[in-house]
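A.B. asks: Provided below for reference: sequence and predicted model.
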Amino acid sequence: MAKDKLLTKAPERKRKRMRDAVTSSAGNSGRKGNARRAAGRGTARGLDGNGGGDDDDDNTDDSGNEVVGIGSIYDMDLTRNSDSEEDKDEYSDEEGADAFLETPAEKRLRLAKEYITRVKGDIKEIDADGFDAAKVDQDLIAERFVNDSLEKSGKIHKIIANYCTASIKNKDMRLFKNGHHLSITCVAATPDLKYLYSGSKDGSIVKWDFQSGKRLKTFKGQKKGTKDVSLGHCDQVLCLAVSSDGSYLASGGKDRRIHIWSVKDDAHLTTFFQHKDSITGLAFRKGHNQLYSCSLDRMLKIWNIDEMAYMETLFGHLDGVLGISTMQREQAVTVGSRDRNLRLWKVVDGVSHKFIGGSRTDSEKILKGESAPDPDDLGLDGDSDMDSEQEEAKAEHQGNNEDDDATANLVKPWDKNLRRSMAKKLRKSGFKFTEGSIDTVAMLDEDTFVTGGDSGAISLWHKSRKKPVFIQHLGHGVDDQNQVLSARWITAIATLPLSDLFVTGSWDGFIRVWRFCRDKTHSFEIVNKIEAPGFVNSLQVCEGVQKSPNTVSPITEIHVVAGIGQEPRMGRWSRIKEARNRILVATIALKKP
């Protein structure tokens, strides 16, 4: 007795039809690859191969089970060469076929040849002064290759701090005045040093001519509640950033908005509203129009400025983020103020590495000899209770540095007796500080960065260590107003990327220039200082513009740009009436010591 079709299990019938279809496909040796390509395009075909009938009739039987036809995956000949002539005819133009056939090795070779051709074209432009470019082409191209390789390595290779020891005179400093009514909070210069931007607590952004100091454009602050966001900020401007190609300016402030401006046209492009609190830091990734922003809402956000689009949000800090820094790699470092943590964000992986801050009291550090403050900076009479032996030791220590005027104020460890004496004085005066907030950060290279906090400590970090590798306590001394000693916190830090030089600011009247020591000590020391009365709220270090942008020549000068105000950037905890709200640009000529 024959079995009823309704009593037969559907999976068995389906597997049987699948085996039959595969057998039929394998037996047809003359079939072309058209059916395979049709299957790749998602075309459904029946058993007759026409592909033009009804889907229900061609692909299902009377019971509703799917029938596998010749256009399915079982008909694909996986042993065929993907570069066959039948596959190439899918590309109508010659360019598409070349791109399809190019292997990764061939692509690298093609890009290398294009780079060499471009470099040779740049080198030929140097022949304007009558030099025989043919004789020096090889050396210049080799030098260009080496320089580009060092830049991409992300390691420190610009050793210039030792050449910044010459005293800075008034003629080397320029002041940009009458631009803002309230304290300047941020500055940003374009890479070609053609323009300089400044932001202020009055909500305005001013565009300056970097060379002449002339005010070119003012983006005025608007009243709160202004509906037209393209007019500008309606509260304090706290941060600025310029893209590495000099095309875009990003500004953020207390109104929780990020504005994107065109540097060339002075036009407003777009506004981002995603942050929920004051925006405190902005940074462009070098070589890309990728923008990082941090805020008091404890979030780090990533933006694509080419597409004018939001990309991603990263979380991790337990308090408002006050500072951010980045370079060429797809990573950024941030500081979380009162959570006393430093975080290195791996943007691709969406994770962060946590570094722990919060140094101990200065008296304990002085006893250990890790670093010691200068008694002149402490505001204490350090010589009154010293015996003659200690005075001789101090005089001998200072006498060793008489030949170097630039390092006369260098903070160095003293002998054991002197450290004990200073620690005793600090205890008597109640002079104890613990880092309660990390406020500023800047990257020396992709793996090394420096921070400053409210205890006046300047800390050096490396990504391989969870804690600072070196701490300089009281980098800018103490403030003894009202006979109460308080540390001058570090209000601004800036580095010359991939160099051994960085600068710090506070309100002691000076911007201090430091040299990172690349020896086994992994420390830093002061090499120069720039007079700057007032609160130094923002800093930037720029290389001097080369005469020919197509050549690689040694750095001859650097520019230190500082935004100075009567009040600190994030509040009104103090005020210096004698100071003026202005921009200081100090030019340091690099000379051999």
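C.D. replies: In hand now; what should we look at? Residues are numbered from 1 along each chain as shown.
A.B. asks: residue 165 reaches residue 529, doesn't it?
C.D. replies: No: assessed by CB atoms under 8 Å, residue 165 is found out of contact with residue 529, at 10.8 Å. C-beta: built from backbone N, CA, C; applies to glycine.
A.B. asks: now the end-to-end length of stretch 229-238.
C.D. replies: 17 Å (CA to CA, to the nearest Å).
A.B. asks: list the contacts of it.
C.D. replies: Residues outside stretch 229-238 that contact it (CB atoms under 8 Å, 6 or more residues apart in numbering): 185-186, 199-205, 219-226, 251-255, 257, 259, 268, 271, 278-280, 569-570.
A.B. asks: quick one, what contacts residue 308?
C.D. replies: Here residue 308 is in contact with 260, 269-270 (CB under 8 Å, 6+ apart).
A.B. asks: of those residues, keep whichever come out buried.
C.D. replies: residue 260 (16 or more other CB atoms under 10 Å).
A.B. asks: the contacts of residue 308 in strands, which ones?
C.D. replies: Among those, the members falling in strands (DSSP state E) are 260, 269-270.
A.B. asks: which of those residues sits closest to residue 444?
C.D. replies: Set against residue 444, the nearest of the ones in strands among the contacts of residue 308 by CB to CB is residue 260 (28.3 Å).
A.B. asks: any idea how far residue 298 is from that closest one?
C.D. replies: Noted for residue 260: a distance of 23 Å to residue 298, by CB to CB, to the nearest Å.
A.B. asks: try residue 189
C.D. replies: Separation of residue 189 from residue 298 (CB to CB): 29 Å.
A.B. asks: how about the secondary structure of the closest residue to residue 192 other than its chain neighbours?
C.D. replies: Nearest non-adjacent residue to residue 192, counting by CB to CB, 6 or more residues apart in numbering: residue 246, 5.8 Å away. Three-state assignment for residue 246 (DSSP: H, G, I helix; E, B strand; the rest coil): coil.
A.B. asks: quick revisit: more crowded one of residue 189 and residue 298?
C.D. replies: Remark: of residue 189 and residue 298, residue 189 carries more neighbours, 22 against 19, as counted by other CB atoms under 10 Å.
A.B. asks: wouldn't residue 335 be in contact with residue 319 here?
C.D. replies: No: Residue 335 is beyond contact range of residue 319, at 9.8 Å (criterion: CB under 8 Å).
A.B. asks: columns pLDDT and distance to residue 451 on top of the contacts of residue 308, output as CSV?
C.D. replies: Shown next, in CSV, are those (pLDDT from 0 to 100; distance: CB to CB, whole Å):
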residue, pLDDT, distance to residue 451
260, 98, 28
269, 97, 33
270, 96, 32
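A.B. asks: and of the contacts of residue 308, the nearest to residue 555?
C.D. replies: residue 260 (30.9 Å).
A.B. asks: check contacts around the closest one.
C.D. replies: Applying CB under 8 Å, 6+ apart, we find residue 260 in contact with 248-250, 268-272, 305, 308.
A.B. asks: can you give me the distance of it to residue 293?
C.D. replies: Residue 260 is 11 Å from residue 293, by CB to CB.
A.B. asks: next one: residue 569
C.D. replies: For residue 569, the distance to residue 293 - CB to CB - is 16 Å.
A.B. asks: helix, strand, or coil at residue 108?
C.D. replies: The three-state label given to residue 108 by three-state DSSP is helix.
A.B. asks: tell me the pLDDT at it?
C.D. replies: Model confidence at residue 108, given as pLDDT, is 81.
A.B. asks: next: residue 572.
C.D. replies: Reported pLDDT for residue 572: 91.
A.B. asks: who are the contact partners of it?
C.D. replies: Not one residue lies near residue 572 by CB under 8 Å, 6+ apart.
A.B. asks: so it lies in a helix, does it not?
C.D. replies: No: going by three-state DSSP, the assignment for residue 572 is coil, not a helix.
A.B. asks: could you list the domains of the chain?
C.D. replies: Following automatic domain parsing, one gets these domains for the chain: 5-95, 104-153, 161-361+433-589, 372-428.
A.B. asks: first vs last residue of the longest one, how far apart are they?
C.D. replies: It stands for domain 161-361+433-589. First residue to last in domain 161-361+433-589 (CA to CA) measures 11 Å.
A.B. asks: what about the strands in the stretch 301-450 of the chain?
C.D. replies: Counting by DSSP state E, counting those that start in this stretch, one finds strands in the stretch 301-450 of the chain at the ranges 309-315, 323-326, 331-335, 341-346, 351-356, 438-443, 448-453.
A.B. asks: need those in CSV with mean pLDDT, can you?
C.D. replies: CSV is the format used below for the strands of the stretch 301-450 of the chain (pLDDT from 0 to 100):
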stretch, mean pLDDT
strand 309-315, 96
strand 323-326, 97
strand 331-335, 97
strand 341-346, 96
strand 351-356, 94
strand 438-443, 97
strand 448-453, 96
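A.B. asks: out of these, the one nearest residue 541 is which?
C.D. replies: Counting by CB to CB, residue 541 lies closest to strand 438-443 out of the strands of the stretch 301-450 of the chain; the figure is 9.2 Å.
A.B. asks: which other helices and strands contact that closest one?
C.D. replies: Secondary structure elements in contact with strand 438-443, counted by 3 or more CB pairs under 8 Å, 6 or more residues apart in numbering; DSSP states H and E, are strand 323-326, strand 331-335, strand 341-346, strand 448-453, strand 492-495.
A.B. asks: other residues contacting the last one?
C.D. replies: Around strand 492-495, the neighbours that count as contacts under CB under 8 Å, 6+ apart are 440-444, 450-452, 458, 501-505, 536-541, 560, 562.
A.B. asks: and with 7 Å instead?
C.D. replies: The contact list for strand 492-495, computed with CB atoms under 7 Å, 6 or more residues apart in numbering, reads 440-444, 450, 452, 502-505, 536-541.
A.B. asks: direction included, what does it pair up with?
C.D. replies: strand 501-505 (antiparallel) (DSSP bridges).
A.B. asks: related to what we said a few turns ago, now distance to residue 116 and mean neighbour count too, for the strands of the stretch 301-450 of the chain, in JSON lines please.
C.D. replies: JSON lines is the format used below for the strands of the stretch 301-450 of the chain (distance: least, CB to CB, whole Å; neighbours: other CB atoms under 10 Å):
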{"stretch": "strand 309-315", "distance to residue 116": "34", "mean neighbour count": "13"}
{"stretch": "strand 323-326", "distance to residue 116": "30", "mean neighbour count": "24"}
{"stretch": "strand 331-335", "distance to residue 116": "30", "mean neighbour count": "26"}
{"stretch": "strand 341-346", "distance to residue 116": "33", "mean neighbour count": "20"}
{"stretch": "strand 351-356", "distance to residue 116": "38", "mean neighbour count": "16"}
{"stretch": "strand 438-443", "distance to residue 116": "31", "mean neighbour count": "25"}
{"stretch": "strand 448-453", "distance to residue 116": "32", "mean neighbour count": "26"}
